[in-house]
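*Asks:* Provided below for reference: sequence and predicted model.
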Amino acid sequence: MKEMNRSVSETELYDIAELFKIFGDSTRIRILFELFQRDEVSVGDIAEDLDMTVSAISHQLRILKSSKLIKSRREGKQALYSLDDDHVRTIIECGMEHIEER
């Protein structure tokens, strides 16, 4: 893992805290884990898999997208969602490794 050899500003620390707040919601974690396991998923499929409404999932997807944790692309009238990059995948993998150590 990359070592931090520099000082970190208060703004950066605040931004890191805000990022981890996004991970603090179980619904958002469920959505991220769903996207972790699959390449691309539609809102309807996520809602069905998590037994939630499309509206509730859409709300959480907006938060995840504005936090740059997920991205979307259009295929016809349907939006398909995926993890934004490998950093998000790594955060989820590290979280899983950490809880499996117990």
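*Replies:* Ah, there it is. Only a predicted model underlies this, so the values are computations on that prediction, with no experimental measurement involved.
*Asks:* Retrieve the pLDDT associated with residue 39.
*Replies:* pLDDT for residue 39: 88.
*Asks:* and it, which of the three is it?
*Replies:* coil (DSSP: H, G, I helix; E, B strand; the rest coil).
*Asks:* Just give the closest residue to it, not the sequence neighbours.
*Replies:* residue 82 (6.1 Å; C-beta to C-beta, 6 or more residues apart in numbering). (C-beta placed from N, C-alpha, C; glycine too.)
*Asks:* same thing with residue 50?
*Replies:* Per C-beta to C-beta, 6+ apart, closest to residue 50 is residue 30, 5.5 Å.
*Asks:* pLDDT value on that neighbour, please?
*Replies:* Taking residue 30 on its own, its pLDDT is 96.
*Asks:* now swap in residue 33 and tell me
*Replies:* The model reports residue 33 with a pLDDT of 95.
*Asks:* Check residue 8 too.
*Replies:* In this model, residue 8 carries a pLDDT of 89.
*Asks:* now what about the longest helix anywhere in the chain, what contacts it?
*Replies:* With secondary structure taken from DSSP state H, the chain has its longest helix at helix 86-100. Applying C-beta atoms under 8 Å, 6 or more residues apart in numbering, the contact partners of helix 86-100 are 23, 32-33, 36, 69-70, 83.
*Asks:* and it, what's its mean pLDDT?
*Replies:* The model assigns helix 86-100 a mean pLDDT of 94.
*Asks:* Report the backbone C-alpha coordinates of it in CSV.
*Replies:* Taking Å, rounded to 0.1, in the frame of the first residue of the first chain, the C-alpha atoms of helix 86-100 are listed here in CSV:
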residue,chain,number,x,y,z
ASP,A,86,-10.4,0.7,-9.3
HIS,A,87,-9.9,2.9,-6.2
VAL,A,88,-13.6,2.2,-5.2
ARG,A,89,-13.0,-1.6,-5.8
THR,A,90,-9.9,-1.4,-3.6
ILE,A,91,-11.8,0.3,-0.7
ILE,A,92,-14.4,-2.4,-0.8
GLU,A,93,-11.8,-5.2,-1.0
CYS,A,94,-9.9,-3.7,2.0
GLY,A,95,-13.1,-3.4,4.0
MET,A,96,-13.9,-7.0,3.3
GLU,A,97,-10.4,-8.1,4.3
HIS,A,98,-10.6,-6.1,7.5
ILE,A,99,-13.9,-7.6,8.7
GLU,A,100,-12.8,-11.1,7.7
